[in-house]
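1. sequence unknown, structure follows:
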């Protein structure tokens, strides 16, 4: 028998399970989606899966359990939501390392003509023509080298089975998916950074700011607008992004002499912990 606090926790985890169920429903049924938008949700899927499995063990529920490989994977995956907790130099280094790896990978597999005239090394997601994701961010989110695993899509699919089992344990199938706006168009567009890309500042800082824009827009252009219901995940995604950006924006200004501003009055560690655990 769950106590009052545990029942409240169960309902919140259940809402995450229903959100995950809705992501899959969108992928299967939405005719206006032409983008692998789920990759930008990977850190939050990690938070749900790792948190749900731990919580069930803690309260003694007979839920699906991780294998050792799954435990290591999801423990690392959930840390993706904390990328902006890194120092500016560490984040920039990781971002550029992934961009350079992507460039080297696609350069290697392209024809001589493409190498001369241009090739794509970054894919982007657009929701109603607003950038809301890119493949370099997705590389940073994933705790595996997605460029050098044979059939990486199948590998991720197999690792995702436990997420589905946990979502089903929390009765996600007993509810209809959350309502979503079927008129919003989500697509992808590939670019070569920096030769042919949407940046005005075609340099490291420009790509950093672009990636921050993509991560923010995933919350306010895709999650907030695509999902019709006022679901808890809208606030969770937005607040966790806000929390880490408060300090990171100050680091950007210190290093680059810029004057970006974010009001940090709502930044609270205890509240952040409630949303991330």
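-> Yep, it's here. Quick caveat: nothing in here was measured; it's all calculated off a predicted structure.
2. which parts of stretch 11-23 are buried?
-> Neighbour-count burial for stretch 11-23, with 16 or more other Cβ atoms under 10 Å as criterion, is recorded at 12-23. Yep, even glycine has a C-beta here, placed from its N, CA and C like the rest.
3. now these in TSV, with pLDDT?
-> As requested, the buried residues of stretch 11-23 are arranged in TSV below (pLDDT from 0 to 100):
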residue	pLDDT
12	92
13	94
14	95
15	94
16	95
17	96
18	95
19	94
20	93
21	94
22	93
23	90
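4. so which of those belong to helices?
-> Among those, the residues falling in helices (DSSP state H) are 12-23.
5. ok, of those, which one's closest to residue 233?
-> Nearest to residue 233 among these is residue 19, at 4.8 Å by Cβ to Cβ.
6. and the gap between the closest one and residue 41?
-> With distances taken as Cβ to Cβ, to the nearest Å, residue 19 is found 9 Å from residue 41.
7. how about the strands in the stretch 1-150 of the chain?
-> Applying DSSP state E, counting those that start in this stretch to the stretch 1-150 of the chain gives strands spanning 122-127, 130-134.
8. of all these, which one is nearest residue 184?
-> strand 122-127 (6.3 Å).
9. tell me what that closest one is packed against?
-> Judged by 3 or more Cβ pairs under 8 Å, 6 or more residues apart in numbering; DSSP states H and E, strand 122-127 is in contact with strand 130-134, helix 135-141, strand 186-191, helix 204-217.
10. residue 251: neighbour count?
-> 16 (other Cβ atoms under 10 Å).
11. should've said residue 236
-> Using other Cβ under 10 Å, residue 236 has 23 neighbouring residues.
12. in the helix or strand hosting it, what's buried?
-> Assigned by DSSP states H and E, residue 236 falls within helix 232-256. The neighbour-count check on helix 232-256 (16+ other Cβ under 10 Å) flags 233-234, 236-245, 248-249, 251-252 as buried.
13. which one of these sits closest to residue 183?
-> residue 234 (18.5 Å).
14. so where does the nearest residue to the closest one once chain neighbours are set aside fall, helix or strand?
-> In this structure, residue 234 finds its nearest non-sequential neighbour in residue 224, 5.3 Å apart by Cβ to Cβ, 6 or more residues apart in numbering. Element membership of residue 224, judged by DSSP H and E, is helix 224-226.
15. what sits up against that helix?
-> 26, 127-128, 180-181, 184, 186, 234, 238 (Cβ atoms under 8 Å, 6 or more residues apart in numbering).
16. number of residues surrounding residue 68?
-> As a burial measure, residue 68 scores 7 neighbours (other Cβ under 10 Å).
17. likewise for the one 10 residues further on?
-> Other residues near residue 78 come to 22 when the count uses other Cβ under 10 Å.
18. ok, the residue nearest to it when sequence neighbours are not counted - contacts?
-> Sequence neighbours aside, residue 46 is the residue nearest to residue 78 in space, at 3.5 Å (criterion: Cβ to Cβ, 6+ apart). Listed by Cβ under 8 Å, 6+ apart, the contact partners of residue 46 are 74, 76-81.
19. lovely, talk soon.
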